[in-house]
Each structure stands twice: as C-alpha cells, then as structure tokens.
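**Student:** Fold the following, please.
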Amino acid sequence: MRKDAVSMSINLEDLRESNEFLNQILDNMEAAVLIADQNSRIHQFNKSFSHLFDNAAVISDMKTFGEITGCVSAVLENKACGETSACKGCVLNQSIVQTMTAHVPVDRKPLQRIFYIKGIAVEKYLRFTTRRIQYQGRTMILIIIYDVSDIERQKAELERKQMLIDMDMKAAATIQQSLLPLSPICLDTLRAAWKFVPSQRIGGDIFNIHQMDRNRVGLYMLDVCGHGVTAALISVAVSQFLLGSQGFIGTCCEQVSPATVLNNLEKAFPFERFDSYFSIVCMTIDVAGGLLTYGSAGHPPPLLVRADGAMQILSQRGPIIGLSSGAVYTQEELGLRPGDKILLYTDGIMENRAGSGQAFGKERFYKTLQQLAQNPVNVFVDEIYSEMQAFMNGNSPDDDISLLGLEYTGESLDQYAI
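**Tutor:** Below is the predicted model of the structure:
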C-alpha cells in the first residue's frame, strides 16, 4: 500500500471518531436524531430535533423525551415521561425497551401524537427508527425521527375527498338503478326479466320498459360510449328524454313508433352538444296481437329465440346516434308466437374476457341462447349471465353488462307470423 494512502486512511479514521465530525453529520441531517437511555432520558440530539419541537432548543439537564417535546400526556397529567397513564402503551417507550433488552431494532414505526409546542397543541405524524449504540462508554438507543405530518395530512385530505366522491358515486348508482324496470313485469301476454352489471359503480348502459297504452309496450336498451360518470349522465339524460313527448309516451294524438323515437333522438343528441355518442335499440310490442316493431341505431341486433329453439337475428339498423349522419331511421315488423323470447343486450356480454384474454364471443353466446330456449324467461336470463360468469372465472367485467329478456305468452298474429 502506498504511504499517502495509509496516511489518508488514518486521517479519515481520526476524523470519524471526532465529536466535531459526528456533530456536523447530525446537524445537517433532515431527520431528527437523538440518543436516549433506557429510561427515555435524552443525552444528545441534533438541530432537526430542536426544530421539530421548538421548546427543545436547550437542555440544561438530562430530560425525558416527553418533557422536552411537550408530549400531551406529560403536559395534561403534569407528570414525568414514564409516569403517565399513557406511558405503558407508548409505542416509543416500548420500542426503546425492545431495542435495549431484546436487541431488536425498529424501522420507521408510526407515531401519531399531540405535542404542546410553545403552549399550542400540535398534532404530529412521525415515523421513528431505533438502534442500539455505544455512546460515552454506555449502551444507548439511537432514535431517528422522520416528520411525515404534511404527507399524512395530505393523505387524510385525499381520503376525505375520495370518501365524498364515493358517496356521490353511490348516490348516482342508486339514481341510475331507479331508472331501470322497478320489478319483474308479468302482463297477461308478456313476461320480462333482466340483468344489469356495470363494470364500474355506474355505467353507460341503461334500459327500461314502458306501458304506452292498454295494448302496447315500449322498450329500449342503449349503450353510451365509454364508462363512468360522463357515460352515466348521458344515459340518464336519454332515458328522461324517452319519457317525454318525443319518446315512447308521445302525445294523446300520436302513436309513437320506434323509427319516430330514433329520429327524434338523432336531432336531440348531436355529438357537438354532448361530445359523445350512443347505440340504442327501440321496440314496441302489441301485447294483444303479438306484433313486434323495432328499430336500431348501431346497437347489437336483438335476438328472437322461437319456442322450438330456432333463433332469428333482428339485423335491421341505422347508424349510431350522435354521428350527424343525416340518415332517416326506419323500422321492421314481425309476428310473435306463444313461447317466443326476445333478448336485448349490450356488447359487454360478448366482449368481456376470461383470465386467458379470450372473449365470451358471439358464437358461444348464440349457442348458450339456443340451449336455454325452453326455460321461462327469468331462468333464461339468469342462466345466460351465469354462463358468462363461469366463463370469466371470477374476473371483473371490463364492460357494462345488460340483458333484457321478454317472453310472449299470448296468441299469434297469423298475418305477421314467420
């Protein structure tokens, strides 16, 4: 080894053992550092500790941690640190004893407490680390304290705001749920059942069934582009529109048709106004005569599952609402036979995926429908959803899931029968 290297090594060792060197390190640390004995009496501390507890600027005699810092228990009970009713449960005292007697160090343990600083109660969030050291020939405890009060207060504020958001989202979900059919519908010639599972607490899917007059029922299902609050607000706006004079209810002098409803929607919900678009299928059913009339705007085609299991895809549709395409929406009619089932759905039923990444898919969906065709409509809908859940194997849905099934139980209208 070279002579100058040996000299540098020796000088460095001398410097490390000098009090001046240690004090320089301690005083320039942002963390508060103190050396205490097993009775929590402080023998040394740095400037950061003094700044953290302003009344700890000078120690004339060795004092305990509670006396120097203004620990709330020591101040309120006017007792020395270690003698108050809270001392036995003090996490700092317990950690000092643990480190001293069991040689078990503590790393960044949380300590939340009120300290009286200049006579003012201040709540501080601290984290501390303890280590056994040799100091002035005695076994002592080195305590390093990190002040995380600002971080914890910001965290608490974020949690408070998140709680308010969660409350608002819960209220919004309740409102959205209230716009769905209120209870299973069981008319003389029509039964209905449904499932609604948003991918988030609220979603962009919505559907409903309305009694238009004594013999006709109007129903719809829509899917707004996107998820969450924005999509849910638009879906609610559309559902309210459909309850008005330009929706299914119409006026006392007008028989509203699905095509009329779709054309009214295209005028009322331009993309420029809502910065979004949606697909929708509208349908009316003459429950007395078994006549189904439907129109669609970019929505997945409704399915008609005949009583014998044959399936018909109702493929008539126009462009999505909101694209300002200038299209005029039309409609189609067909007759129903007793036992026929109609299924409206959103694309979430086919696009949600299993853990492998494979989508449920159209082919599996159609096959499931035909296998379940003989079941009553409530079982029909429940089993479709159960099949999809089993396929997803516990994975949460990526997209909203909506299913609305109807079963016609009345007389067939022969001139429309297919």
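
**Student:** okay but D147 is in contact with H51, surely?
**Tutor:** No: D147 is beyond contact range of H51, at 9.2 Å (criterion: Cβ atoms under 8 Å). To be clear about C-beta, it is placed using only N, CA and C from the backbone, and glycine gets the same treatment.

**Student:** Need the overlap of contacts for these two.
**Tutor:** Any residue near both D147 and H51 by Cβ atoms under 8 Å, 6 or more residues apart in numbering counts here, and that gives A32.

**Student:** The two: who's more crowded?
**Tutor:** More crowded of D147 and H51, by other Cβ atoms under 10 Å: D147, with 17 against 13.

**Student:** Look up the residues forming beta bridges with that one.
**Tutor:** D147 forms beta bridges with L126, as assigned by DSSP bridges.

**Student:** can you tell me which residues contact it?
**Tutor:** Contacts of D147 by Cβ under 8 Å, 6+ apart are A32, L52, K124, Y125, L126.

**Student:** Same question for P258.
**Tutor:** Contacts of P258 by Cβ under 8 Å, 6+ apart are C282, M283, T284, T293, Y294, G295, Q331.

**Student:** same thing but 10 Å
**Tutor:** With contacts defined as Cβ atoms under 10 Å, 6 or more residues apart in numbering, P258 is in contact with 218-220, 248, 280-284, 292-297, 329-333.

**Student:** Looking at those, which are in strands?
**Tutor:** Secondary structure assignment by DSSP state E places 218-220, 280-284, 292-297, 332-333 of those in strands.

**Student:** Need the buried ones from these selected in ChimeraX.
**Tutor:** Typed into ChimeraX, the next command selects the buried ones out of the ones in strands among the contacts of P258 (criterion: 16 or more other Cβ atoms under 10 Å):
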select :218,219,220,280,281,282,283,284,292,293,294,295,296,297
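
**Student:** And the ones in strands among the contacts of P258, which is closest to S324?
**Tutor:** Among these, A297 lies closest to S324 (Cβ to Cβ), at 12.5 Å.

**Student:** my read: that closest one touches G322, true?
**Tutor:** Yes: using Cβ atoms under 10 Å, A297 makes contact with G322 at a distance of 9.0 Å.

**Student:** which residues are common contacts for the two?
**Tutor:** By Cβ under 10 Å, 6+ apart, the residues touching both A297 and G322 are L265, E266, Y277, F278, S279.

**Student:** What's the end-to-end length of stretch 75-93?
**Tutor:** End-to-end distance of stretch 75-93: 17 Å, with Cα to Cα, to the nearest Å as the criterion.

**Student:** what comes up buried for it?
**Tutor:** Buried residues in stretch 75-93 (16+ other Cβ under 10 Å): V75, K79, A80, C81, G82, T84, A86, C87, C90, L92, N93.

**Student:** need those residues in JSON lines with secondary structure, pLDDT and distance to D347, can you?
**Tutor:** Below are the buried residues of stretch 75-93 laid out as JSON lines (DSSP: H, G, I helix; E, B strand; the rest coil; pLDDT from 0 to 100; distance: Cβ to Cβ, whole Å):
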{"residue": "V75", "secondary structure": "helix", "pLDDT": "87", "distance to D347": "65"}
{"residue": "K79", "secondary structure": "coil", "pLDDT": "85", "distance to D347": "70"}
{"residue": "A80", "secondary structure": "coil", "pLDDT": "79", "distance to D347": "71"}
{"residue": "C81", "secondary structure": "coil", "pLDDT": "79", "distance to D347": "66"}
{"residue": "G82", "secondary structure": "coil", "pLDDT": "80", "distance to D347": "68"}
{"residue": "T84", "secondary structure": "coil", "pLDDT": "88", "distance to D347": "65"}
{"residue": "A86", "secondary structure": "coil", "pLDDT": "89", "distance to D347": "60"}
{"residue": "C87", "secondary structure": "helix", "pLDDT": "86", "distance to D347": "64"}
{"residue": "C90", "secondary structure": "coil", "pLDDT": "90", "distance to D347": "59"}
{"residue": "L92", "secondary structure": "helix", "pLDDT": "91", "distance to D347": "58"}
{"residue": "N93", "secondary structure": "helix", "pLDDT": "88", "distance to D347": "62"}
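
**Student:** For T69, which non-adjacent residue is spatially closest?
**Tutor:** Spatial nearest neighbour of T69, excluding adjacent residues (Cβ to Cβ, 6 or more residues apart in numbering): F53 at 4.4 Å.

**Student:** I'd guessed that neighbour sits against F65; true?
**Tutor:** Yes: using Cβ under 10 Å, F53 is in contact with F65, at 9.4 Å.

**Student:** for the closest residue to Y345 other than its chain neighbours, helix, strand, or coil?
**Tutor:** Nearest non-adjacent residue to Y345, counting by Cβ to Cβ, 6+ apart: L403, 5.2 Å away. Here L403 is strand, with the state taken from DSSP: H, G, I helix; E, B strand; the rest coil.

**Student:** number of nearby residues for L403?
**Tutor:** Look at L403: counted by other Cβ under 10 Å, it has 24 neighbours.

**Student:** and it, what pLDDT?
**Tutor:** pLDDT recorded at L403 is 92.
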